[in-house]
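Colleague: Got a predicted model here, sequence first, then my questions.
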Amino acid sequence: MAPYFGANVQLHADNQQESYDIGSDQNASQPNQWIPEEGLPGFREFMTRFYWECFQVGGDVLRALAIGMGLDNETYLLEKHSGHNNQLRLLNYPPVPAEIFETERAVRCPAHTDWSSITLLFQDDCGGLEIEDVTDPGNFVPAVPVKNAIIMNVGDLLQRWSNDHLRSTSHRVTVPPSSDRFEGEDRMTRRRFSIPYFLSPDPESVIECIQSCTGVDEPAKYEPITQADYNQMRASMQY
Ligand SMILES: O=C(O)CCC(=O)C(=O)O
Ligand SMILES: [Fe+2]
C-alpha cells in the first residue's frame with residue numbers, strides 16, 4: 001500500500017477489501033487524511049465535488065421519501081441532514097483465488113445492514129453484491145450490475161423513521177457469479193471497485209417513528225434516539 005495513505009485507509013484481512021473514507025472537511029470529529037496533492041493531482045478537489053453532488057442526489061431522494069411516507073413537510077427528513085455527517089467510501093476488492101470464497105474462508109464484505117438513513121451505491125460490472133430477501137430470510141439475491149445505475153439502500157435509520165415500513169436490508173459481497181469473472185489457473189476473481197455514499201443525520205438529530213407510519217394497531221416499534229447514540233449502540237455491538 002502506498003505510504004502516504006493515512007488513517008482513513010483500512011485493509012481488512014478477512015474481508016478481502018481496502019477502503020478509503022472521505023467525509024466533510026467541516027466535520028472536525030473525523031478529519032480527512034488527504035493524499036498529498038502531488039501524489040494524486042486533482043483527487044481532493046474531485047472527491048470533494050463528488051461528495052456534495054452525491055448529497056444533492058441523496059437530498060432529492062429524502063424529499064421524495066418524505067412525500068411517499070405521507071409527511072406534510074417534504075423536507076422533514078432532509079432538514080436533519082446538514083451533509084457534514086455523510087461518508088464517501090472508495091472500496092477496492094483485490095483479485096483473490098475464487099476458491100477462498102467458495103470454501104468460505106473469506107468474504108469480500110460480510111452480510112450487514114447500513115447504519116445510515118440511506119446509502120447510494122455505485123458498483124462496477126464485476127458483480128458479487130447480494131441482497132437478502134426480506135420475505136425469505138437467508139436467501140441472498142444478486143444485485144446484478146446495471147450500467148450507470150445507482151443502487152439505493154434503505155439504512156437502519158430510515159427503517160426506524162418508517163416504523164419498519166421501509167426495511168434496512170442485509171447485503172453482502174461474495175464471489176462474482178459468472179465464471180467469465182475468473183482468470184488463470186488459480187481462477188483469480190476480477191478486482192472489484194464500488195463506492196458507497198452513506199447519508200447520515202447530524203449527530204444530535206433525533207430519529208423518531210413518523211406518525212403516518214404508526215396507528216392504533218401499529219404502535220411505534222422504536223424509542224426516539226439521536227444519530228450519535230444509535231451509532232454508539234451499533235459500534236458497541238460490533239466491537
Ligand atoms: O461493495 C459493495 O458493493 C457494498 C459495500 C457495502 O455494503 C458497505 O460498505 O456498506
Ligand atoms: Fe453496506
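Modeller: Yes, it's here. Please read these numbers as outputs of a predicted model, since none were measured by experiment. Ligands and ions are numbered 1, 2, ... in the order given.

Colleague: For the host helix or strand of residue 90, list the C-alpha coordinates in CSV.
Modeller: Applying DSSP states H and E as the criterion places residue 90 in strand 87-93. What follows is strand 87-93 as a C-alpha-only set of coordinates in CSV (Å, rounded to 0.1, in the frame of the first residue of the first chain):
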residue,chain,number,x,y,z
GLN,A,87,-19.3,9.3,4.3
LEU,A,88,-18.0,8.6,0.8
ARG,A,89,-16.2,5.3,0.8
LEU,A,90,-13.9,4.1,-2.0
LEU,A,91,-13.7,0.3,-1.9
ASN,A,92,-11.2,-1.9,-3.7
TYR,A,93,-11.6,-5.6,-3.6
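
Colleague: gap between it and the chain center?
Modeller: Relative to the mean C-alpha coordinate of its chain, strand 87-93 is positioned 9 Å out (CA atoms, centre = their mean, to the nearest Å).

Colleague: Could you do stretch 193-210 as well?
Modeller: Stretch 193-210 sits 10 Å away from the centroid of its parent chain (CA atoms, centre = their mean).

Colleague: which non-adjacent residue is nearest residue 187?
Modeller: Distances taken as CB to CB, 6 or more residues apart in numbering put residue 98 closest to residue 187, at 4.4 Å, once the chain neighbours are dropped. Where C-beta positions appear, they are placed from N, C-alpha and C, glycine not excepted.

Colleague: let me fix that: residue 154
Modeller: Nearest residue to residue 154, sequence neighbours excluded (CB to CB, 6+ apart): residue 166, at 4.7 Å.

Colleague: Next: residue 225.
Modeller: Nearest non-adjacent residue to residue 225, counting by CB to CB, 6+ apart: residue 207, 5.7 Å away.

Colleague: Against residue 101, how distant is that neighbour?
Modeller: Separation of residue 207 from residue 101 (CB to CB, to the nearest Å) stands at 35 Å.

Colleague: Repeat that for residue 230.
Modeller: Distance of residue 230 to residue 101, computed by CB to CB: 32 Å.

Colleague: The closest residue to ligand 1 within the chain: which element?
Modeller: Relative to ligand 1, the nearest point of the chain is residue 194 (3.5 Å; CB to the nearest ligand atom). Following DSSP H and E, one finds residue 194 within strand 192-199.
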